[in-house]
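In: Sharing a model prediction with you, sequence too.
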There are 2 protein chains.
Amino acid sequence: LTIVDDPLAARLRSIVGETHVLTDPAVTSSYTVDWTGRWRGACRLVVRPGSVAEVASVVAECARFGAPLVPQGGNTGLVGGGVPAGGPGPGSVLLSLRRLDSIGPVDRDAGQVVAGAGATVAAVHQRAREAGWDFGLDFAARDSATVGGAVATNAGGERVLRHGPARAQVLAVQAVLADGRIISRISDRAAGGPVKDSAGYDLGALLVGSEGTLAVITAVRLRLVPLLPARVVAMLAVPTTDAAQRVVGLLRRRLDTLQSAELFHADGLALVCSELGLPLPFPEEHPTYLLVECAGRADPTDGLVEALAGATEVRDAAVAADAAGRAALWRYREGHAEAINAAGVPVKLDVAVPPAVLARAESDIRRAVRAAAPSARVVLFGHIAEANLHVNVLGATDVADAVTEAVLHTVAGLGGSISAEHGIGRAKAQWLHLSRSAEEIAAMRAIKTALDPAGLLNPGVIHS
Amino acid sequence: LTIVDDPLAARLRSIVGETHVLTDPAVTSSYTVDWTGRWRGACRLVVRPGSVAEVASVVAECARFGAPLVPQGGNTGLVGGGVPAGGPGPGSVLLSLRRLDSIGPVDRDAGQVVAGAGATVAAVHQRAREAGWDFGLDFAARDSATVGGAVATNAGGERVLRHGPARAQVLAVQAVLADGRIISRISDRAAGGPVKDSAGYDLGALLVGSEGTLAVITAVRLRLVPLLPARVVAMLAVPTTDAAQRVVGLLRRRLDTLQSAELFHADGLALVCSELGLPLPFPEEHPTYLLVECAGRADPTDGLVEALAGATEVRDAAVAADAAGRAALWRYREGHAEAINAAGVPVKLDVAVPPAVLARAESDIRRAVRAAAPSARVVLFGHIAEANLHVNVLGATDVADAVTEAVLHTVAGLGGSISAEHGIGRAKAQWLHLSRSAEEIAAMRAIKTALDPAGLLNPGVIHS
């Protein structure tokens, strides 16, 4: 039992009920550390509202108390954006949105659905598929990550090539502003909502990717995409990243069905196989690998195989059209994060560069890490169509800032972005100036001040 | 010759050159009336900068003079958002972006291109197609409308079903803020830019659809879509709007190739045929018509014909796969605006409703117009997949406000949006509250004040 002497906790209990305000550090600690173990903090309390009205009351009460708030979804973020900072003082209120997990009926003709911020990405997939549609966003953390968090960070993942990032899936947002007022383009009507809406500023579009610093997203109306049940996955061995880009370029020009194109290298594959106990996919080792997935109403296998016949740079290929075979091939790519975490606590960065300089960016990043941490192990993988690299550095936690500094400077020097799809969070706030000009940062601060004048929403995130 | 005694004109001439500041009302009047003749105003002068640096200097100078600015692209807008208001006082400065019409090289691997705000939509099509790609946005005003205007209004058009509205085409924006500072996610590098970028608030996403009230868009980096050269168009006769929705639903479920689905009715078709001198498409008249277009790498005709075989509600059909035949069928749909304008000065509204209530919205709108203007003629057409109706009312200019009020209240009562793809402009500013709550409008005003504290950018647009 916890002794309650925090008047804010008492007020919040009156809003959400006794059991949904947690103050015991033994319980709250599961909310204040991220899954990679890199981000640890402390909170004043955890509050778990069960409706948008409760979120609004909680936020208004925190505003009255001047209590900073950290919104959290599935706590699968990678930049510390959903975990409070530590340090002295009473700490932030951790606002868990997970109980807002309802998903409305699918609007079958229009292809849209309303999901609470706490619904998992996988739950939205399931609801959409039951209705003959699909949800365009997908990534490895789908079973834990919430749509609210995915939208707040503008998450990307494995189908951006075909369907775009989280931003492209959002038709309308419901959110609670810093003072507790609700803004919403989501109606309670059974009829759904308009698919197009250009009546004034798209506040939802601003909230996508704002990482909980401008408002607390409570629900989203999502566009759905056609369900394409016939799928095929191929793992391809190629000599270089340049060759991998040319192969993907050829597939994009020839195929309507391509939806994923993932890049990894021999070092990453070796780590995955050893850590996860997987067999090597090919008799020989190759420098670089591509994993591609095609999907269609009709079986896309023949089309893929025909297109690959023209790809002379492919040295070996494994193709799987059945579910088990597809999952086995995906495991080589999706296993990267798990294998890296099993091998140690990594410095993790997520960057994008102009596609024309991807190969150069890879070698420059490796060189920059070597200079900052000579004994560290660098694993690069990512989404090749967007030239989005996930940079993982093992054995460098003691020089994490130096490694981060070196990699992000390298990326910025190539005209890239220091965050492709994970956001800025706490992890990269001090480096935001590398990707954004002083004028842009001033405009962002002006918007932050306009919507959250007291600075209570996710302090320290994006704005350092 | 014009007698120059306006010190602001003299300052602007020193920035953009003598010939690009126009003060003679005989010349400026072509900028201060919209093409439908519904929006007329006056301006202090027209300034036509030739680069983003000149735009920045012009805006900074206007800020120093406290002079309001109206940005204008191709002047094809439909809500008075690019035309200054009339009234007493020196009037606004009309800032024409048409000279910013350069289009960069296409980044062929990544499928992106940078276009100046003044480049026409058709020019972007052409540049993209020369490089084996296409630009996803398309609408009838393509030869005059600029990409800057299309992005500023979040224009939609005929391919939203497949590629989304203007918002979905924008990877990055360059813009000039109210004080003349430039914000940009567009690099000068030949290598292009990152395709994904989640580093801080997406200011560009906020500017899309902000109608020149938050900043002046000077250039955009656009995502391109695959070039699908094989096309087929079908015009279908159906008994009702509900039937039309069912047919389109069936085509969406069966075809990957569908990219347009347009709705119109017997009254609109009759007007088009009489005003434009076109033959009737079918031996008999039908209540309702659909125009659908499919596109693919391979000829989509067989797929469309097969899918239509299952559409028992189709009473007659005309199919054209050759360019001339496709254009002839499109003329029945795209000719609507021209035919309506030839018949008179219409009250024009652009609304979207939840797709589930489209048929009811049509009959409710007709009834509401009849009550407000018993002798008026209502023509409804639009983009059926998004339940986006273009409402045109002829013979009602004397009761335009009453008709507008009646239609917009009807739409709002059904949970729809008072602007689907044309924006709010001056035309609907007083009705914004029908689609947006007091909380949303307050948040919009807070953002407006944060970015344009003196209120100099497009006053009277969006914010009444």
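Out: Happy to help now that I have it.
In: contacts and neighbour counts: CA atoms only from here.
Out: Noted.
In: pLDDT weak spots in the stretch 351-464 of chain A?
Out: For the stretch 351-464 of chain A, no stretch has pLDDT under 70.
In: Close to chain B: what parts of it are there?
Out: Contact residues (CA under 8 Å from any CA of the partner chain) of the stretch 351-464 of chain A with chain B: A:352-357, A:385-388, A:415-424, A:432, A:435-437, A:439-440, A:443-444, A:446-447, A:450-451, A:462.
In: Which ones among those residues lie within strands?
Out: Per DSSP state E, strands hold the following members of these: A:352, A:388.
In: Any quick PyMOL command for the buried ones out of the residues of the stretch 351-464 of chain A next to chain B?
Out: Selecting only the buried entries of those in PyMOL, with 16 or more other CA atoms under 10 Å in any protein chain shown as the criterion:
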select buried, chain A and resi 352+353+354+355+356+357+385+386+387+388+415+416+417+418+419+420+421+422+423+424+432+435+436+440+443+444+446+447+450+451+462
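In: What about the residues of the stretch 351-464 of chain A next to chain B, which are in helices?
Out: Filtering those for membership in helices, criterion DSSP state H, returns A:432, A:435, A:439-440, A:443-444, A:446-447, A:450-451.
In: what would those residues look like in TSV with distance to A:Val319?
Out: Below are these laid out as TSV (distance: CA to CA, whole Å):
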residue	distance to A:Val319
A:Leu432	41
A:Ser435	39
A:Glu439	49
A:Glu440	46
A:Ala443	49
A:Met444	46
A:Ala446	52
A:Ile447	49
A:Ala450	53
A:Leu451	51
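In: which parts of the host helix or strand of A:Arg253 are buried?
Out: Using DSSP states H and E, A:Arg253 sits in helix A:241-254. Buried residues in helix A:241-254, counted by 16+ other CA under 10 Å: A:241-245, A:247-254.
In: Identify the residues contacting it?
Out: The contact list for helix A:241-254, computed with CA atoms under 8 Å, 6 or more residues apart in numbering or on different chains, reads A:238, A:258, A:261, A:263, A:288-290, A:304, A:307-308, A:311, A:313-314, A:358-359, A:384-385, B:109, B:226, B:297.
In: Give me the subset of the residues you listed lying in strands.
Out: In this view, the contacts of helix A:241-254 that belong to strands under DSSP E are A:238, A:258, A:261, A:263, A:288-290, B:226.
In: Among the residues you listed, which one lies nearest to A:Arg370?
Out: Comparing those against A:Arg370 with CA to CA places A:Thr288 closest, at 20.2 Å.
In: which residues touch the spatially closest residue to that closest one that is not a sequence neighbour?
Out: Excluding its sequence neighbours, the residue lying closest to A:Thr288 (CA to CA, 6 or more residues apart in numbering or on different chains) is A:His265, at 4.3 Å. A:His265 is in contact with A:286-289, A:379-381, counting by CA under 8 Å, 6+ apart.
In: What subset of those residues is buried?
Out: Among the contacts of A:His265, the ones that count as buried (16+ other CA under 10 Å) are A:286, A:288-289, A:379-381.
In: right, and out of those, which lies closest to A:Val176?
Out: Of all these, A:Phe381 has the smallest distance to A:Val176: 36.4 Å, by CA to CA.
In: Quick check: chain neighbours aside, which residue is closest to A:Val33?
Out: In this structure, A:Val33 finds its nearest non-sequential neighbour in A:Arg40, 4.3 Å apart by CA to CA, 6+ apart.
In: the longest helix in chain A is where?
Out: Secondary structure of chain A per DSSP H: the longest helix is helix A:323-343.
In: What's the mean pLDDT across stretch A:157-173?
Out: For stretch A:157-173, mean pLDDT is 95.
In: Quick one: end-to-end length of it, please.
Out: End-to-end distance for stretch A:157-173, by CA to CA, to the nearest Å: 21 Å.
In: What is the distance between stretch A:156-167 and the centre of its chain?
Out: Offset of stretch A:156-167 from its chain centre (CA atoms, centre = their mean, to the nearest Å): 10 Å.
In: Straight-line length of it, end to end?
Out: Terminal residues of stretch A:156-167 are spaced 9 Å apart (CA to CA).
In: okay, and for the stretch 51-200 of chain A, where does confidence drop off?
Out: Where the stretch 51-200 of chain A drops to pLDDT under 70, the residues are A:189-191.
In: Near chain B, which residues of the stretch 1-150 of chain A? Just list them.
Out: The stretch 1-150 of chain A has residues A:109-110 near chain B, with proximity defined as CA under 8 Å from any CA.
In: All the helices of the stretch 1-150 of chain A, in order from the start?
Out: Secondary structure of the stretch 1-150 of chain A (DSSP state H, counting those that start in this stretch): helices located at A:7-16, A:25-28, A:52-65, A:121-130, A:147-152.
In: Can you tell me which of the ones you listed is most buried?
Out: Most buried of the helices of the stretch 1-150 of chain A by mean neighbour count (mean count of other CA atoms under 10 Å in any protein chain shown) is helix A:147-152; its value is a mean of 32.
In: And the longest helix of chain A, what's buried?
Out: Residues A:325-326, A:329-337, A:339-341 are the ones in helix A:323-343 that count as buried (16+ other CA under 10 Å).
In: for the buried residues of helix A:241-254, which one is nearest chain B?
Out: Nearest to chain B among the buried residues of helix A:241-254: A:Gly249, at 5.9 Å, using CA to the nearest CA.
In: before we move on, back to that, just the C-alpha atoms of the longest helix of chain A, please, in CSV.
Out: In CSV, the C-alpha atoms belonging to helix A:323-343 read as follows (Å, rounded to 0.1, in the frame of the first residue of the first chain):
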residue,chain,number,x,y,z
ALA,A,323,3.3,-17.6,-44.4
ALA,A,324,5.9,-19.6,-42.5
GLY,A,325,8.5,-19.0,-45.1
ARG,A,326,7.8,-15.3,-45.3
ALA,A,327,8.0,-15.0,-41.5
ALA,A,328,11.3,-16.9,-41.5
LEU,A,329,12.8,-14.4,-44.0
TRP,A,330,11.4,-11.4,-42.2
ARG,A,331,13.0,-12.7,-39.0
TYR,A,332,16.4,-11.9,-40.4
ARG,A,333,15.4,-8.3,-40.7
GLU,A,334,13.1,-7.8,-37.8
GLY,A,335,15.4,-9.7,-35.5
HIS,A,336,18.1,-7.0,-35.8
ALA,A,337,16.8,-4.9,-32.9
GLU,A,338,16.4,-7.9,-30.7
ALA,A,339,19.8,-9.4,-31.5
ILE,A,340,21.5,-6.1,-30.9
ASN,A,341,19.8,-5.7,-27.6
ALA,A,342,20.7,-9.2,-26.6
ALA,A,343,24.4,-8.4,-27.4
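In: What is it packed up against?
Out: strand A:230-238, helix A:266-276, strand A:288-296, strand A:388-394 (3 or more CA pairs under 8 Å, 6 or more residues apart in numbering or on different chains; DSSP states H and E).
In: of all the ones you listed, which lies closest to B:Ala318?
Out: Closest to B:Ala318 of the helices and strands packed on helix A:323-343 is strand A:288-296 (CA to CA; 28.0 Å).
In: Packing partners of that closest one?
Out: Strand A:288-296 sits against strand A:230-238, helix A:241-254, strand A:258-265, helix A:323-343, with contacts defined as 3+ CA pairs under 8 Å, 6+ apart.
In: List the contacts of A:Arg13.
Out: Going by CA under 8 Å, 6+ apart, A:Arg13 touches A:19-21.
In: A:Thr146 now?
Out: Applying CA under 8 Å, 6+ apart to A:Thr146 gives the contacts A:73-74, A:98, A:117-121.
In: repeat for A:Ala387
Out: A:352-355, A:358, B:194-195.
In: CA-only coordinates of the helix or strand encompassing A:Val403, as CSV, when you get a sec.
Out: Per DSSP H and E, A:Val403 falls inside helix A:400-413. Extracted as CSV, the C-alpha positions of helix A:400-413 are listed here (Å, rounded to 0.1, in the frame of the first residue of the first chain):
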residue,chain,number,x,y,z
ALA,A,400,27.4,7.7,-26.3
ASP,A,401,27.3,11.5,-26.7
ALA,A,402,30.5,11.5,-28.7
VAL,A,403,29.2,8.8,-31.0
THR,A,404,25.9,10.5,-31.4
GLU,A,405,27.6,13.8,-32.1
ALA,A,406,29.8,12.2,-34.7
VAL,A,407,27.1,10.4,-36.5
LEU,A,408,24.6,13.2,-36.5
HIS,A,409,27.2,15.7,-37.7
THR,A,410,28.0,13.3,-40.5
VAL,A,411,24.4,13.0,-41.5
ALA,A,412,23.7,16.7,-41.3
GLY,A,413,26.8,17.4,-43.4
